[in-house]
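J.: Sequence and computational prediction follow.
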Amino acid sequence: DSSPEMFPAEEMHSQDWLDILSVIGLNNNVDKHIFLQCARKVEEEGNASKGFTLLQYYSEHFGEFYDDTQDFHRKLSDVTCVPAEYGGELALYKFQDIAVPRDRHLVFKILPVVPEAISPPQVMFSSLGISSPPSIGVVLKQVRELTEEDDSLDHWDYKFGSAEEVFSKIFFFLQENYEKLSPRVKENLQVRAIVPVGTTLVKSSRLFFRLNKDLSPFFYEVPRAFGAYDRLLRDLGVRESPHVRDYAVSLSELHKDLGDGRLNTNELNSVIEVLNLLAEREDESSSRPTIFAPDFDGRLTNVNVLLQNDAPWLVQGNRLSNVVRLVHPKLSSSLCKQLGIDLLSLRVNEYLVKGFKPRILPDKGNLSRIKNNLRSNKFIDVVSMLITENKFSSKKTTSLRQFDLMHVDHLNTQFVLRKKDGSAGVDVTRNSTGTLFFVESNTIFLVEHKFPVGVTSELVVATCVCDYFQVSRGHSAALSALLASDHASADDIGLILGSFGKGDENELRRGEPGFPVSGADLKLIELKPLRIFQKGEIVAVRLDKSSPNAVYALVLGGGGGNNVSRIRLRIGNNMKETDLISTEIYSFRKGTRIEKEQDRELDFVDLKEFNLIKDESESAHELVLESPSEKIPGPVGRADILKAVQDLLSSANMSLNDDVEKVMDSNLKFKEAVDHKDVYIESLLREGKVLSEKLNNGVVDAFLCPITRDIMKDPVICADGHTYDRHAIELWLQSNRRSPKTNQQLPSRDLIPNHAIRNAIETMSGSVDAVKAFSSVYGLK
């Protein structure tokens, strides 16, 4: 069309003139020479639209270009005239450099793919230099590209299929070609995370065909979509179910990945679940592997160096060095015992520094009164009650009757951590000086003259009692009041003992919906409003924009990804539900290696906005947003998007000015109007799709040529009794004497027109072509 001189003049467009011009040599069809000229013209202009038209003509008339010598196709394959899509862009390529649509899932990250409408017939692939299926090397590159990033599935933007569909195609290919892979490639596939489970890529060593519990992110069950590839998965190392050593190895691998990083709350719960399973089945293992468990800060640590905190007074007093590693309080005492984690009180002992002898000072008169109350039945009964609430202490309260109190000038003590076998250990004292009290042989030594203002001897003695009998120091104030009172008021003071919480409550309730986010999780918090949220995931929200408090929430329905979305959550323990926009939801980043002494700043959000200060007048975990009546989150509207933008900016101490807000609102109104039109267009597309399916269903197999699988244009009956398209069967008979359908010897090469089939095809061809054109334009399948 860019060379009008090659066409007859306007006055010669009548059929009579065309017949005359044909007789004297005017070309009335596109032969191989002209087609090559057109292809080179497309290459010269770099016009993908013209290339599309050219290749469409080739696909419809490929029989006319058949060449025994392959000279035409060899020349055509060297011309850059094939429109193909790569990275969302349509450009021109050579045939040998493109892939066909049926191989799209295997190569779309590596090779451009020709559109379905102009894909050459399969019989021409080899002539044009098209490799289908693609080479093993190309597919392996595709695997590497798809699995290079850990979060590559979080934002899946491939429009031709889901991640499961793409990897199913890849797994089928690898299963069929596994024996052709080199040992090195097989080894790399075994250690690489290439199996998608939800939005997570998983190594084969962490995949099993059967799991009784959800143990993610350590172990996953093979998704049903990949059940047909069990032979490949077994070759890669997937097993039926995990063994004891698998649990230990998974913890060891996670420890290696984390380094000094902390587990987030989801990972912490999964680690504890794995440890429980490991402890239950440890007798199945002939030798005990190295086991890692979370310490108090959520860092994975060898259980041989962990201690169970049965002496909170040592920890709360900040008197031990960092050499002492405490197990996380969420691990039960029975689990700790099964894992061989010793009690802190059995391994750490306090002694007077060798050679030090305390100098006794005169009693100022108050110690006698305190001593009498200390030895009283009422005080002993109260302490006995507290001990019954403590699962560690085994000391008898009657020993209080022999306790003595002494003032001393100063104290020098040290803490020693003994080895597991009881032999001499290491000094774990943070500071040997500054101790204000010490208990030795039923004697409490007090450095009274160094007590800070407001600290009384009664309070210090009460603290010593708490330490000695291994109960929380939270009871010290009440016990101090008892020691300072007369016996008549003892009952009234005892009423307040139940008001003190347990010291480990924050960690024990870590991850509970509505409970304030712990300090450990605040360092892992992040704002990713476009990520995909998984059902059952623990996240964080702020109940009140004017309040700095963040609390845990539970995701009840997964969603999100690519757009701002509404997510259904549970916040609080009263089972109520609420919907929040994803910009208001904070997730916890995966525990990864972090540098020592370096706190990570939040993306978009200042960590200073979060704290664990709790309003005593109203428990944060009892506050719940009003739950909407609908069960499915509604769409995100214009006002929601503006609010989300304001929230994101305000979290960074920024805001929209009025002009910008008006512009955004105007743009969003326009987008809503476009969306309404899109809905109408989509309804038309759906109706067209239904019509297309109805018509295509009407195209019975009898209308398709057995060779090309396209609707026949000139159906003829061959000597084998089957009907073929004339061009296809004639090409076949040029080099074959057997039936393409039955593979039997043909008695003759005579072809008889099949008028009945031809009439039936022509009757419906107009409708089918119209619907196919509609489908091609709008991407219907």
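T.: Received the coordinates, thanks.
J.: element containing the closest residue in space to S587 that isn't next to it in sequence?
T.: Distance criterion CB to CB, 6 or more residues apart in numbering; nearest residue to S587, sequence neighbours excluded, is V539 at 5.3 Å. Every C-beta, even on glycine, is put in place using the N, C-alpha and C of the backbone. V539 is part of strand 538-541 when elements are defined by DSSP states H and E.
J.: Isn't R566 up against D579?
T.: Yes: with contacts counted by CB atoms under 8 Å, R566 reaches D579, the gap being 4.8 Å.
J.: other SSEs contacting the longest strand seen in the chain?
T.: Looking across the chain with DSSP state E, the single longest strand is strand 551-557. Contacts defined by 3 or more CB pairs under 8 Å, 6 or more residues apart in numbering; DSSP states H and E place strand 551-557 against strand 538-541, strand 566-570.
J.: what packs against the helix or strand following it?
T.: Per DSSP H and E, the first helix or strand lying C-terminal to strand 551-557 is strand 559-560. Other helices and strands packing on strand 559-560, by 3+ CB pairs under 8 Å, 6+ apart, are strand 532-533, strand 566-570.
J.: Tell me how many other residues surround the residue nearest to S587.
T.: Using other CB atoms under 10 Å, the number of residues around V539 comes to 25.
J.: try S376
T.: Around S376 there are 17 residues (other CB under 10 Å).
J.: Report the separation between it and D486.
T.: Between S376 and D486 the distance is 10 Å, computed by CB to CB, to the nearest Å.
J.: Same question for G422.
T.: Using CB to CB, G422 is found at 46 Å from D486.
J.: go on, L128?
T.: 105 Å.
J.: Ok, Y93 next?
T.: Between Y93 and D486 the distance, using CB to CB, works out to 98 Å.
J.: What of G63?
T.: As judged by CB to CB, G63 and D486 stand 114 Å apart.
J.: before we move on, the earlier item: got the helices and strands packed on strand 551-557 as a markdown table, with distance to L524 columns?
T.: Converted to a markdown table, the helices and strands packed on strand 551-557 look like this (distance: least, CB to CB, whole Å):
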| stretch | distance to L524 |
| --- | --- |
| strand 538-541 | 10 |
| strand 566-570 | 19 |
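J.: Tell me which of these lies nearest to L181.
T.: Closest to L181 of these is strand 538-541 (CB to CB; 40.3 Å).
J.: Sketch out the strands for the stretch 401-550 of the chain, chain order is fine.
T.: Assigned by DSSP state E, counting those that start in this stretch, the stretch 401-550 of the chain shows strands spanning 404-408, 413-417, 426-427, 437-440, 443-446, 525-526, 532-533, 538-541.
J.: Dump the ones you listed to TSV, plus mean pLDDT.
T.: As requested, the strands of the stretch 401-550 of the chain are exported to TSV (pLDDT from 0 to 100):
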stretch	mean pLDDT
strand 404-408	90
strand 413-417	88
strand 426-427	88
strand 437-440	86
strand 443-446	90
strand 525-526	84
strand 532-533	86
strand 538-541	91
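J.: out of these, nearest to T463?
T.: Per CB to CB, nearest to T463 of the strands of the stretch 401-550 of the chain: strand 437-440, 7.2 Å.
J.: Which of G63 and D486 has more residues huddled nearby?
T.: Each of G63 and D486 has its neighbours counted (other CB under 10 Å); G63 has more, 19 against 8.
J.: dump the residue contacts of that one.
T.: Shown in contact with G63 (CB atoms under 8 Å, 6 or more residues apart in numbering): 725, 727-728, 730-731.
J.: For the spatially closest residue to R430 that is not a sequence neighbour, what are phi and psi?
T.: Among residues not flanking R430 along the chain, S321 sits closest, at 4.9 Å (CB to CB, 6+ apart). Backbone geometry at S321, expressed as degrees, to the nearest 10, gives phi -80, psi 170.
J.: who's in contact with S321?
T.: Residues near S321 by CB under 8 Å, 6+ apart: 428-430.
J.: Residues touching stretch 45-52, excluding its own?
T.: Stretch 45-52 has contacts (CB under 8 Å, 6+ apart) with 2, 41-42, 81-83, 90-92, 115, 117-118.
J.: Okay, and which of these map to helices?
T.: Using DSSP state H, the members of these that fall in helices are 41-42.
J.: Switch the contacts of stretch 45-52 over to a markdown table; also include pLDDT, distance to D310 and neighbour count.
T.: Listed next are those as a markdown table, based on pLDDT from 0 to 100; distance: CB to CB, whole Å; neighbours: other CB atoms under 10 Å:
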| residue | pLDDT | distance to D310 | neighbour count |
| --- | --- | --- | --- |
| S2 | 57 | 89 | 9 |
| K41 | 89 | 87 | 17 |
| V42 | 91 | 82 | 24 |
| C81 | 92 | 79 | 28 |
| V82 | 93 | 75 | 32 |
| P83 | 94 | 74 | 25 |
| L90 | 91 | 70 | 14 |
| A91 | 93 | 70 | 15 |
| L92 | 94 | 75 | 21 |
| P115 | 93 | 70 | 16 |
| A117 | 89 | 74 | 16 |
| I118 | 89 | 75 | 21 |
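J.: Closest to R234 out of the contacts of stretch 45-52?
T.: Distance to R234 across the contacts of stretch 45-52 (CB to CB) is lowest for P115, with 37.9 Å.
J.: how close does the closest one get to R74?
T.: Distance, P115 to R74, using CB to CB: 24 Å.
J.: same thing with N212?
T.: Distance from N212 to R74, counting by CB to CB: 61 Å.
J.: what do you get for W156?
T.: From W156 over to R74 the distance is 40 Å, taken as CB to CB.
J.: Which of those two has more residues huddled nearby?
T.: In this view W156 and R74 are compared by other CB under 10 Å, and W156 has more residues nearby, 16 against 13.
J.: wait, the more buried one sits on G561?
T.: Yes: here W156 reaches G561: they are 7.3 Å apart, a contact under CB under 8 Å.
J.: Number of residues surrounding G721?
T.: 9.
J.: any idea what it is structurally, helix, strand or coil?
T.: coil (DSSP: H, G, I helix; E, B strand; the rest coil).
J.: Retrieve the pLDDT associated with it.
T.: Listed pLDDT for G721 reads 86.
J.: Ok, D606 next?
T.: Model confidence at D606 (pLDDT) stands at 41.
J.: next one: Y778
T.: Per the predicted model, pLDDT is 55 at Y778.
J.: and if you look at F209?
T.: F209 carries a pLDDT value of 90.
J.: That one and G340: what is the separation?
T.: Relative to G340, and taking CB to CB, F209 is found at 32 Å.
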